[in-house]
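# coordinates for the following, if possible.
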Amino acid sequence: MSSEHAENAGPENTAPEGAAPEGIGVDGAADVDEAAEADPTAAADPGADADPTAGADPAADADEASAADVEAHAPDGVEADVWDVVVVGAGPAGATAAYAAAVAGRRVLLLEKSELPRYKTCGGGIIGPSRDSLPPGFELPLQDRVHAVTFSLQGRFARTRRSRRMLFGLINRPEFDAQLVEHAQKAGAELRTGATVTRVEQHGPSVPDRRTVAVVLADGETVLARAVVGADGSASRIGAHVGVKLGQVDLGLEAEIPVPPSVAEDWKGRVLIDWGPMPGSYGWVFPKGDTLTVGVISARGEGAATKRYMEDFVARLGLAGFEPSISSGHLTRCRTDDSPLSRGRVLVCGDAAGLLEPWTREGISYALRSGRLAGEWAVRVAEAGDAVDARRQALNYAFAIKAGLGVEMAVGRRMLALFERRPGLLHATITGFRPAWNAFADITRGSATLGGMVRSNGMARRALEVLDRRMDTTSGVGPAGRGVGQKERSASPEGDGANVPETPKGAEASEGAAATDAPEAP
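Just a heads-up that it's a prediction; the model follows:
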């Protein structure tokens with residue numbers, strides 16, 4: 001649900017990409033919620049070196065080392081070959097970044113810790129902005145086309161709104177992600193699976209010159225690049241290196257439930273959105289052929305209540321008698337407005353940057369759009385002859401993100417604050433006020449954006465201004481610091497060479513190193 005107009009501020013090449021977490025049982029939801037308090041940046045040294053480009057001497061940084069120079073200075077055991085761009089994580093954000101850099105003619109290496117295809121916890125909703133961000137010739141592996149939405153308020157006051165035109169599509173992430181990777185490979189990117197990244201270094205013995213970044217793998221191998229894109233999910237190691245700060249963390253639980261043909265037919269072409277019992281929570285049912293994707297999401301710190309909501313939701317739907325083929329949980333994380341998007345020659349995108357819609361926690365469209373921009377600007381960073389130029393290109397990338405997706409996230413935070421306080425009002429408006437339903441339909445199709453509507457609709461703008469005066473929604477932090485610990489809110493960049501700890505079991509989500517993608521909502 002994000003504006004795309006500002007993304008054209010990037011280079012002319014266009015392309016698309018995101019990812020998700022490793023599954024955990026719903027029965028462990030409370031434990032996961034508690035364990036997930038651990039911050040992947042917790043081991044970072046607050047006194048570690050800041051951005052190595054800050055205050056750099058342009059003369060000293062203008063290192064135009066040739067490939068022979070690099071080989072001569074490469075440490076023993078380190079491969080002398082230097083890639084133009086290395087992308088960490090092969091989810092939608094990473095695959096799109098790799099595609100964008102590869103179509104520009106650069107040597108691109110895409111690293112993914114898992115074998116492909118792999119399961120990802122994700123609702124799998126593909127809204128208009130996602131469709132518009134796919135590579136040319138990409139055929140969506142749609143499992144269903146949504147023409148109707150049933151809204152309910154904690155299981156009551158259900159009402160179904162319908163549309164003659166498709167609102168959005170539904171996909172399974174294994175097929176979708178694998179297809180994006182295939183497009184990146186066809187464009188010239190090289191894929192390496194089974195490659196877990198432990199850290200990146202921008203100075204030290206592993207780095208032969210100031211134009212090079214060292215990507216260190218779990219097996220001890222070091223890969224060298226002129227630019228690195230971190231797309232390794234919300235528990236990102238690359239995000240820890242950059243110093244990503246979080247303003248909102250939510251816990252999602254999801255189950256893939258196979259159902260008989262009669263039940264599948266009842267849900268065909270229709271999804272359910274249930275506004276939940278905890279502030280800002282909601283549940284969903286997304287039909288995908290003979291399987292229903294059922295899930296709920298709420299603020300982290302409410303694991304037991306979120307688990308109860310999931311159990312009650314499934315029972316209320318009459319699905320408790322069907323055995324899920326997969327039950328999983330994951331965390332979604334939103335950045336603060338002032339959270340960095342780069343450090344030196346390293347950029348972050350998608351979940352690794354905390355880019356997703358705060359209200360719905362929709363992440364695929366944000367992954368695809370930010371991935372394209374990251375890939376395009378990584379090409380510019382790779383071409384930079386010194387630290388000053390590299391910094392300039394990284395700042396241009398940040399500007400493009402903030403001018404487009406950043407604006408949409410700001411509006412989404414305000415909508416979440418309203419939803420937390422007045423879910424009944426929101427339900428009544430979207431089900432009983434036709435212009436509100438039409439706006440919902442336009443946003444999901446991609447013909448309008450939430451931010452654009454607020455800017456152009458005086459009544460909506462004034463209502464949100466009143467809301468802003470009543471609560472803190474403009475600080476760049478989610479309402480009431482939603483699910484966020486102090487360390488996450490003020491994370492320091494990880495020191496080069498620091499070893500980022502593993503994400504607690506059940507809270508991890510891989511887009512290469514450790515990732516997660518938000519449940520898709522229309």
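# I'd like to know how far the residue positioned nearest the centre of the chain sits from Leu341.
Geometric centre of the chain, nearest residue: Asp351, 2.7 Å, by CA atoms, centre = their mean. Asp351 sits 13 Å away from Leu341, going by CB to CB, to the nearest Å. To be clear about C-beta, it is placed using only N, CA and C from the backbone, and glycine gets the same treatment.
# confidence score at the residue nearest to Ala90 when sequence neighbours are not counted?
Excluding its sequence neighbours, the residue lying closest to Ala90 (CB to CB, 6 or more residues apart in numbering) is Glu112, at 3.6 Å. On the pLDDT scale, Glu112 is placed at 98.
# give me the number of residues near Glu112?
With neighbours defined by other CB atoms under 10 Å, the count for Glu112 comes to 31.
# which stretches in the stretch 151-300 of the chain count as strands?
In the stretch 151-300 of the chain, the strands defined using DSSP state E, counting those that start in this stretch lie at 156-162, 168-170, 190-193, 197-201, 213-217, 222-230, 246-258, 270-275, 282-288, 291-299.
# buried ones in stretch 278-286, by neighbour count?
278-286 (16 or more other CB atoms under 10 Å).
# same question for stretch 147-158.
147, 149-154.
# mind listing residues that contact it?
Contacts to stretch 147-158, defined as CB atoms under 8 Å, 6 or more residues apart in numbering, come from residues 159-167, 269-277, 312-313, 316, 423-424, 427, 430-431, 440, 522.
# longest single helix anywhere in the chain?
helix 364-383 (DSSP state H).
# next, the angle from that helix to strand 222-230.
If you take axes from the mean of the first three to the mean of the last three CA atoms, to 10 degrees, helix 364-383 sits at 130 degrees to strand 222-230.
# stretch 318-328: end-to-end distance?
20 Å (CA to CA, to the nearest Å).
# meant to ask about stretch 124-132, not that
Span of stretch 124-132 from end to end, CA to CA: 16 Å.
# residues in contact with that stretch: which ones?
1-2, 4, 140, 142-143, 146, 168-173, 176, 271, 286, 288, 293, 362, 364-365, 368-369, 443-447, 449, 520-522.
# what's the answer for stretch 424-438, then?
Contacts for stretch 424-438 (CB under 8 Å, 6+ apart): 151-153, 157, 159, 161, 275, 418-419, 440.
# adding pLDDT and distance to Ile401, write those out as a markdown table.
Below are these laid out as a markdown table (pLDDT from 0 to 100; distance: CB to CB, whole Å):
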| residue | pLDDT | distance to Ile401 |
| --- | --- | --- |
| Phe151 | 98 | 32 |
| Ser152 | 98 | 35 |
| Leu153 | 98 | 35 |
| Phe157 | 97 | 38 |
| Arg159 | 97 | 37 |
| Arg161 | 97 | 33 |
| Trp275 | 98 | 30 |
| Leu418 | 90 | 25 |
| Phe419 | 93 | 24 |
| Phe440 | 94 | 25 |
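# can you redo those as TSV with distance to Gly230?
Compiled in TSV, the contacts of stretch 424-438 are given as follows (distance: CB to CB, whole Å):
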residue	distance to Gly230
Phe151	37
Ser152	39
Leu153	39
Phe157	43
Arg159	42
Arg161	39
Trp275	34
Leu418	32
Phe419	30
Phe440	33
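# buried residues of stretch 195-203, list them for me.
Neighbour counts over stretch 195-203 (16+ other CB under 10 Å) mark 195-202 as buried.
# tell me, how many residues neighbour Val381?
Neighbour count of Val381, defined by other CB under 10 Å: 30.
# in space, what's closest to it - neighbours in sequence excluded?
Once flanking residues are discounted, Val381 sits nearest to Ala227: 4.1 Å by CB to CB, 6+ apart.
# quick one: contacts for that neighbour?
84-86, 213, 345-347, 378-379, 381-382, 390.
# which of those residues tops the neighbour count?
That'd be Ala378 among the contacts of Ala227, by other CB under 10 Å, with 35 neighbours.
# how about that one, nearest residue that isn't a chain neighbour?
Ala378 sits nearest to Ala227 (CB to CB, 6+ apart), 4.3 Å away.
# please name the bridge partners of that neighbour.
Residues in a beta bridge with Ala227, per DSSP bridges, are Val85.
# check Ala299 too.
Asp250.
# quick one: neighbours of it, just the number.
Neighbours of Ala299 under the rule other CB under 10 Å: 25.
# now do Glu265
As a burial measure, Glu265 scores 11 neighbours (other CB under 10 Å).
# same question for the one 4 residues further on.
For Gly269, the tally of surrounding residues (other CB under 10 Å) stands at 15.
# distance of it relative to Arg162?
Gly269 is 9 Å from Arg162, by CB to CB.
# quick one: the strands in the stretch 301-450 of the chain, in order.
Ranges of strands within the stretch 301-450 of the chain are 326-335, 342-343, 346-348, based on DSSP E, counting those that start in this stretch.
# quick one: low-confidence ranges for the stretch 1-150 of the chain?
The stretch 1-150 of the chain contains residues with pLDDT under 70 at 1-80.
# ok, the residue nearest to Ala353 when sequence neighbours are not counted - how many residues close by?
Once flanking residues are discounted, Ala353 sits nearest to Leu341: 5.7 Å by CB to CB, 6+ apart. For Leu341, the neighbour count with other CB under 10 Å is 30.
# likewise Arg165?
9.
# pLDDT wise, what is the closest residue in space to it that isn't next to it in sequence at?
Excluding the flanking residues, the one nearest Arg165 by CB to CB, 6+ apart is Arg445, at 7.0 Å. If you check Arg445, the pLDDT there is 95.
# repeat that for the one 3 residues further on.
You'll see Ala448 listed with a pLDDT of 88.
# so who does it touch?
Contacts of Ala448 (CB under 8 Å, 6+ apart): 439, 442.
# need phi/psi at it.
phi -150, psi 160 (degrees, to the nearest 10).
# report the separation between it and Phe440.
In terms of CB to CB, Ala448 sits 10 Å off from Phe440.
# swap in Ala394?
Distance from Ala394 to Phe440, by CB to CB: 36 Å.
# out of those two, which sits in the more crowded spot?
Counted by other CB under 10 Å, Ala394 and Phe440 do not tie: Ala394 has more neighbours, with 26 against 22.
# you'd agree that one is up against Leu373?
No - applying CB atoms under 8 Å as the test, Ala394 and Leu373 come out as separate, 11.5 Å apart.
# pLDDT at Arg343, what is it?
The model's pLDDT for Arg343 equals 98.
# quick one: stretch 97-110 to chain centroid distance?
The chain centroid and the centroid of stretch 97-110 are separated by 20 Å under CA atoms, centre = their mean, to the nearest Å.
# same question for stretch 195-209.
Its chain's C-alpha centre and that of stretch 195-209 lie 24 Å apart, by CA atoms, centre = their mean.
# ends of it, how far apart?
24 Å.
# what is the rounded mean pLDDT of it?
On average, stretch 195-209 scores 95.
# next: stretch 324-338.
Rounded to a whole number, the mean pLDDT of stretch 324-338 is 96.
# buried residues in that stretch?
Going by neighbour count (16+ other CB under 10 Å), the buried part of stretch 324-338 is 324, 327-336.
# again, but for stretch 105-121
106-114, 118-121.
# now Asp337: how far from Glu302?
Applying CB to CB, the value for Asp337 to Glu302 is 25 Å.
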